[in-house]
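Asks: 3D, please:
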Amino acid sequence: MNIKKAIICGLIGAVSFIVVGAVWSQVLLTVFPYFKSGISGTIPPAKMAITMIWMGIIECLSFAVIFGLFYKNIPQKGFQKGLLYSIVLWYINIFLSFLGSYAFGLIPTMPDIIFVIILKLLMLPAYGATLGWTYEKLRI
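Replies: Numbering: from 1, shown residues only. All right, here's what the predicted structure looks like:
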């Protein structure tokens, strides 16, 4: 596995992950007042954006390294390989997000659960497609 390639592709993918997350989180909070009743609706947009950036970078870099390890074992090519990987990531990510919340005694409300599920369903495929495409195109 080429760690340098994984890091570069992870950072490029992080841009799509963060942009999609920033746009769609505000769309969901604006268009659907239901989500404002959860914890997510109480976080100021600037704070949410900053949190999304640093969490996105950490997530995307670690996901890219794992992608690099399993690259040859994932079927398809290019962005399709990344999309397939992102579906698996979505399931794992949603499970771990809520498991972590419960482990720390944070019981998320239903609006928060639905908000995270929808938001990650939009963010991770954008990231996966970008990761798969850049991983195939980047020659390092």
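
Asks: which residues touch residue 26?
Replies: Each residue near residue 26 by C-beta atoms under 8 Å, 6 or more residues apart in numbering is listed here: residue 45. Glycine gets a C-beta too; all of them are placed from N, C-alpha and C.

Asks: give me the distance between it and residue 14.
Replies: As defined by C-beta to C-beta, to the nearest Å, residue 26 lies at a distance of 19 Å from residue 14.

Asks: the helix or strand bottoming out on mean pLDDT in the chain - contacts with which helices or strands?
Replies: Of all the helices and strands that make up the chain, helix 78-103 has the lowest average by mean pLDDT, DSSP states H and E, namely a mean of 85. Of the remaining helices and strands, those touching helix 78-103 by 3 or more C-beta pairs under 8 Å, 6 or more residues apart in numbering; DSSP states H and E are helix 45-70, helix 110-137.

Asks: pLDDT below threshold where in this structure?
Replies: Within the chain, the stretches falling below the threshold (pLDDT under 70) are 105.

Asks: follow-up on the earlier one: any chance of the helices and strands packed on helix 78-103 in a markdown table, plus mean neighbour count and distance to residue 77?
Replies: As requested, the helices and strands packed on helix 78-103 are exported to a markdown table (neighbours: other C-beta atoms under 10 Å; distance: least, C-beta to C-beta, whole Å):
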| stretch | mean neighbour count | distance to residue 77 |
| --- | --- | --- |
| helix 45-70 | 16 | 14 |
| helix 110-137 | 21 | 7 |
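
Asks: spatially central, which residue of this structure would that be?
Replies: The geometric centre of the chain, computed from its C-alpha atoms, lies nearest to residue 124 (C-alpha atoms, centre = their mean), at 4.2 Å.

Asks: once you drop chain neighbours, what's closest to that residue?
Replies: Once flanking residues are discounted, residue 124 sits nearest to residue 86: 4.3 Å by C-beta to C-beta, 6 or more residues apart in numbering.

Asks: what is the burial count for the one you found?
Replies: The number of residues packed around residue 86, counting by other C-beta atoms under 10 Å, is 27.

Asks: ok, now the one 3 residues further on?
Replies: Each residue near residue 89 was counted by other C-beta under 10 Å, and the total is 21.
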